[in-house]
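Peer 1: Sequence plus the predicted model coming up.
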Amino acid sequence: MSSLSRELVFLILQFLDEEKFKETMHKLEQESGFYFNMKHFEDLVQGGEWDEVERYLSGFTKLEDNRYSMKIFFEIRKQKYLEALDRHDRAKAVEILVKDLKVFASFNEELFKEITQLLTLENFSLNWQHQLYKNPRPNPDIRTLFTDHSCAAPTNGARAPPPTNGPLVGSIPKSARFPPMGAHAPHQWGSSCCKR
């Protein structure tokens, strides 16, 4: 595309922004691939709109373009999967695992197995976080993963029993294998992964 055409696209983007045609502006950004609107991308990510995040990003890079693209698409799909598990939507989690995450299995089979095993756990992140406290309550009222859970010391001197790995609670993952939900660092791929 000529520089004149590029300048025209930027002028149109500016016009659409000034006239508040946000949806059209973002569609043109995506289709032209000239201008990646980081604020729009950030808003989509923070809103948890993972399908739209992936759709917008695909206007600028494809999964198979390079290893960095592969990593970001993996992290988006992994987050979508973890959120489905957190909502106890096992059907959606399995669909994401089979449809979206399976393409990464050939690059890191061990990681794919670990992600698959998360389906067998109940409240995996909450159990992990809850078991770290000195005075865990037997039935804590935990509503979100976005704030740290804490158990106050019992007022009557009684202590709750330690968390168990019973059939209803599920296994508590070792902290070395699964990072806490609050650790938003991208996954570190193995040295043999993602090389062409």
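Peer 2: That came through, no problem. Residues are numbered from 1 along each chain as shown.

Peer 1: drop to CA atoms for contacts and neighbour counts, all remaining ones
Peer 2: Will do.

Peer 1: Would you mind measuring from residue 115 to residue 29?
Peer 2: As defined by C-alpha to C-alpha, to the nearest Å, residue 115 lies at a distance of 34 Å from residue 29.

Peer 1: who's more crowded, those two?
Peer 2: Ranked by neighbour count (other C-alpha atoms under 10 Å), residue 115 and residue 29 place residue 29 first, with 20 against 16.

Peer 1: Against residue 64, how distant is residue 82?
Peer 2: Distance, residue 82 to residue 64, using C-alpha to C-alpha: 23 Å.

Peer 1: Next: residue 109.
Peer 2: According to C-alpha to C-alpha, residue 109 stands 18 Å off from residue 64.

Peer 1: still on that earlier bit, neighbour-wise, which of residue 82 and residue 64 wins?
Peer 2: Just comparing residue 82 and residue 64: by other C-alpha under 10 Å the higher neighbour count belongs to residue 82, 18 against 12.

Peer 1: And the nearest residue to that one once chain neighbours are set aside, how far from residue 9?
Peer 2: Leaving out its chain neighbours, the residue that sits closest to residue 82 by C-alpha to C-alpha, 6 or more residues apart in numbering is residue 93, at 7.6 Å. Using C-alpha to C-alpha, residue 93 is found at 39 Å from residue 9.
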